[in-house]
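Participant: Build me a model from this:
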Amino acid sequence: MSARLTPAPKLLWQNDHYAVLVDAPLRIVWNVRSSKPFTSIEEVEAELGALCRFMDGLGRSQYALLLDIRAAPGRNDPAFEAALDRIRPLWLQGFRRVGVLVQSVVGAMQAQRYARRDSIKRLITSDEAALLRYLTQG
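Facilitator: Numbers count the residues shown, from 1 in each chain. Now for the predicted structure:
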């Protein structure tokens, strides 16, 4: 394991499903998904709505966004998919770059499907170092 050259990202906000950390030197906002499952579509909309409102205050254009969904429980029922389709553009828009850190091939496939739906360019990988390189370019 190599030593970090910058301080660890700082936790700025958290709810039951997401934590928002900022790595100021690298200009990366991390959204880290917890392993807690959503209990309803209303909870999905409320929790992600709160996350989006917090992100709106950060100055999105100054940052790249790293979504760490490695701990997310798998879910792809139609109501969940529809809710994410509504929320995802509000969540991901405006960042310099977007990257998604996944745990598995199945997670990568789901993230790729979402990317095709909303047309927001992103790198999807399980390689954290490669993702950080991508997010810190240009």
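Participant: Where does pLDDT dip in this protein?
Facilitator: Where the chain drops to pLDDT under 70, the residues are 1-6, 138.
Participant: for the residue nearest to the spatial centre of it, what are its contacts?
Facilitator: With distances taken as C-alpha atoms, centre = their mean, the residue of the chain nearest its centroid is residue 67 (2.2 Å). Counting by C-beta atoms under 8 Å, 6 or more residues apart in numbering, residue 67 touches 31, 33, 98-101. Any C-beta I mention is one placed from the backbone N, CA and C, and that applies to glycine too.
Participant: can we see that at 10 Å?
Facilitator: With contact set as C-beta atoms under 10 Å, 6 or more residues apart in numbering, residue 67 has these partners: 18, 29-33, 91-92, 98-102, 111, 122, 124, 131.
Participant: out of these, which are inside helices?
Facilitator: 91-92, 111, 131 (DSSP state H).
Participant: any idea which of the residues you listed is the one closest to residue 51?
Facilitator: residue 91 (6.9 Å; C-beta to C-beta).
Participant: Please name the nearest non-neighbouring residue to the closest one.
Facilitator: Counting by C-beta to C-beta, 6 or more residues apart in numbering, residue 91 lies nearest to residue 52, which is 5.2 Å off, once chain neighbours are set aside.
Participant: Can you pull the phi and psi angles for that neighbour?
Facilitator: Torsion angles at residue 52 (phi, psi; degrees, to the nearest 10) stand at phi -60, psi -40.
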